[in-house]
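return atomic coordinates for the entry below.
(one chain, ligands or ions: 1)
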Amino acid sequence: MEEKYLWWQKEIIYQIYPRSFQDSNNDGVGDLQGIMNRLDYLQELGIKIIWISPIYPSPMADFGYDISDYEDIAPVFGNMNDFDALIKEIHKREMKLILDLVPNHTSDRHPWFIESRSSRDNPKRNWYIWKDAREGGSVPNNWMAAFGGSAWEWDAQTEQYYYHAFLKEQPDLNWRNPEVQEAMLNMMRFWLNKGVDGFRIDVMWHMIKDEQFRDNPVNPDYQNHMPTCDMVFQVYSTDQPEVHAIVNKMRQLMDTYSERMMIGEIYLPINKLISYYGTSDSKGAHLPFNFQLLMLQWDVRKIALAITEYEGSLPAEGWPNWVLGNHDQVRIASRIGKDQARIAAMLLLTLRGTPTIYYGEELGMRDVPIPFEEVLDPQGLNMPDKNLSRDPARTPMQWDNSVNSGFTTAKPWLRLHRNYRSHNVESERMDKTSMLSLYKELIALRQSEASLLYGHYIPVYTDQQMIAYIRHAEGNDRFLVILNFTHKPCYFKSPHEIYNGTIVLSSSPDLVGQSMHYAIALYGDEGVIIRLEN
Ligand code: NOJ
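You can find the predicted model right below:
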């Protein structure tokens, strides 16, 4: 049965934020050669798929998510030779490479935008979204930018506003323009021809906006601590029905190559998210990112419900996926604490579908408080009183106990966690109780058991403390997973049939090998994976 599953269904995705993974030329910023130097580590961990956040030339107003040239490499990360060497080496190791693609917007220094803003009759004018002021000179509508303030920026020279869903340095492209579509598909061809195995498409649900640019509904529950974009609901500025035709064009292009895949970054509730898989007539993304585990409160009943709802909503051919963190979110160990982060790891790696690991998650890396005067993230800088900076989750990878944890010998672009001398790859490698050891065991088990890779998800029991479920692929061993989401002990009893088996993996390594008959008592923050006897 394994044959019908593709690499992106079997293997685990590992997200590398390239600035922070490994510096090889000692300028304080990670680079492609650095990633190359650390491929052994990823293999040791059991990772086969790497997704690298943007590496293209960029003024770095949003650290690479503002691209000024889609077909080159930013000098800070290396050059095209480094890229070619990296992809060659990745493929030599039978690994895969996913690039981050940012089609919704460019940098304001991209030549297309420079042309577009040069005059109202420039041929590229309609490549971006330009609108007249409302009477009295005010902005065309009430749409808000994710990084603070209105989403409209006035251009004094041509006397129109342009739209930017993020920074004013990130003008949105006009995806209703066929020339834009063609240019972007050509850019995708460029990388596919280089052998890139897939793309993670930035803000996929933003790509098309309401044709009439109607005002978004006002959020009556807005409070001051929230990002300013939450003043309105993004009803007309995102998730428009026409976006699916665009996604389908991208998919059709991907399908002309062999076994390439596309992930969509989409923050939407499950019922809307699943539409990004497309339909059998008009296919969409292979994996619309499922962010339930990072959006929901860490409450076992809410999470159990979300798992069931997601499982029940997936289209017949839709392959699930799960994520605990990324470069935009508080790290899981900071959000739920280091003990529950172990339970989260067990959940991530035993649910049905492709897991994505954010670099350092496997070490239990935590957010690092960045002093105010060192904040670099525009989201933090533009809304300084709201504690929204994403820098804390982007600090350098903790490799060893040498200066700057082996990340760089120069001054790192962001400070490291002060615990790096004791919490790092080297120290955790030696420690059987470390997060790294837990991740390695989970990955090894998942990758060797058909039931965990492809088996059904069968809910068994949930209460206010724990979740229990079975993973089972016909003809293979069944696994019962029981996870305690609280710090208090809990007691599991077989609810219907009698479960007997042996613990093959646990958040507490000393439990491995013990047998379970019908019931089991778990300590707080404890989880077990049991190979059932029949
Ligand atoms: C989503 C990316 O993950 C985030 O880092 C970025 O700032 C925005 N898109 C804008 O590109």
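
report the central residue of the chain.
In the chain, the residue lying closest to the centroid (Cα atoms, centre = their mean) is Asn326, at 4.7 Å.

the top helix by length along the chain packs against which elements?
In the chain, assigned by DSSP state H, the helix with the most residues is helix 178-193. Applying 3 or more Cβ pairs under 8 Å, 6 or more residues apart in numbering; DSSP states H and E, we find helix 178-193 packed against strand 96-101, helix 243-255. C-beta: built from backbone N, CA, C; applies to glycine.

check which residues of that helix are buried.
The neighbour-count check on helix 178-193 (16 or more other Cβ atoms under 10 Å) flags 180-181, 183-185, 187-188, 191-192 as buried.

for stretch 372-382, same thing?
Buried residues in stretch 372-382, counted by 16+ other Cβ under 10 Å: 375-380, 382.

same question for stretch 516-526.
516, 520, 522, 525-526.

just stretch 58-77 next, same as before
Buried residues in stretch 58-77 (16+ other Cβ under 10 Å): 58, 60-70, 73-74, 76-77.

can you give me the end-to-end span of it?
11 Å (Cα to Cα, to the nearest Å).

is the ligand within reach of that stretch?
Yes. Contact between stretch 58-77 and the ligand, assessed by Cβ under 6 Å from any ligand atom, occurs at 62, 65.

what does that stretch contact?
Residues outside stretch 58-77 that contact it (Cβ atoms under 8 Å, 6 or more residues apart in numbering) are 18-19, 27, 29-32, 53-57, 79-80, 82-83, 100, 102, 105-111, 147, 166-167, 169-170, 187, 190-191, 202, 376-378, 394.

where does the stretch 301-450 of the chain dip in pLDDT?
Scanning the stretch 301-450 of the chain for pLDDT under 70 picks out nothing.

helices of that one, start to end?
Listed in chain order, the helices of the stretch 301-450 of the chain (DSSP state H, counting those that start in this stretch) span 332-336, 338-348, 378-382, 425-430, 435-448, 450-454.

what packs against the fifth one?
Going back to what we said before, that points to helix 435-448. Other elements packing on helix 435-448 under the criterion 3+ Cβ pairs under 8 Å, 6+ apart are helix 39-45, helix 338-348, helix 425-430, helix 450-454, strand 500-506.

the longest one versus strand 500-506: what angle between them?
Right, helix 338-348. Counting by axes from the mean of the first three to the mean of the last three Cα atoms, to 10 degrees, helix 338-348 lies at 120 degrees to strand 500-506.

picking that back up, reformat the helices and strands packed on helix 178-193 as CSV; add mean neighbour count and mean pLDDT.
Formatted as CSV, the helices and strands packed on helix 178-193 follow (neighbours: other Cβ atoms under 10 Å; pLDDT from 0 to 100):
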stretch, mean neighbour count, mean pLDDT
strand 96-101, 23, 98
helix 243-255, 19, 98
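
do you know which of those lies nearest Leu294?
Using Cβ to Cβ as the measure, strand 96-101 is the one of the helices and strands packed on helix 178-193 that comes nearest Leu294, at 17.8 Å.

up against the ligand, what does the stretch 51-200 of the chain have?
62, 65, 102, 166.

ok, back up a step: of all the helices of the stretch 301-450 of the chain, which lies closest to the ligand?
The ligand lies closest to helix 378-382 among those, at 7.1 Å (Cβ to the nearest ligand atom).

for the residue of the stretch 301-450 of the chain found nearest the ligand, which non-adjacent residue is spatially closest?
Residue nearest to the ligand within the stretch 301-450 of the chain (Cβ to the nearest ligand atom): Asp328, separated by 4.7 Å. In space, and not counting its chain neighbours, Asp328 is closest to Arg390: 5.6 Å by Cβ to Cβ, 6 or more residues apart in numbering.

next one: Ile307
Nearest non-adjacent residue to Ile307, counting by Cβ to Cβ, 6+ apart: Leu351, 6.7 Å away.

ok, now which ones touch Pro54?
64-65, 67, 100, 102.

which one of the residues you listed is nearest the ligand?
Ranked by distance to the ligand (Cβ to the nearest ligand atom), the contacts of Pro54 are led by Tyr65 at 3.3 Å.

measure that closest one to Asp202 for me?
Separation of Tyr65 from Asp202 (Cβ to Cβ, to the nearest Å): 6 Å.

for the ligand, what are the nearby residues on the stretch 351-500 of the chain?
Counting by Cβ under 6 Å from any ligand atom, the stretch 351-500 of the chain has no residue next to the ligand.

spell out which parts of the stretch 201-350 of the chain neighbour the ligand.
Residues of the stretch 201-350 of the chain lying near the ligand (Cβ under 6 Å from any ligand atom): 202-203, 265, 327-328.
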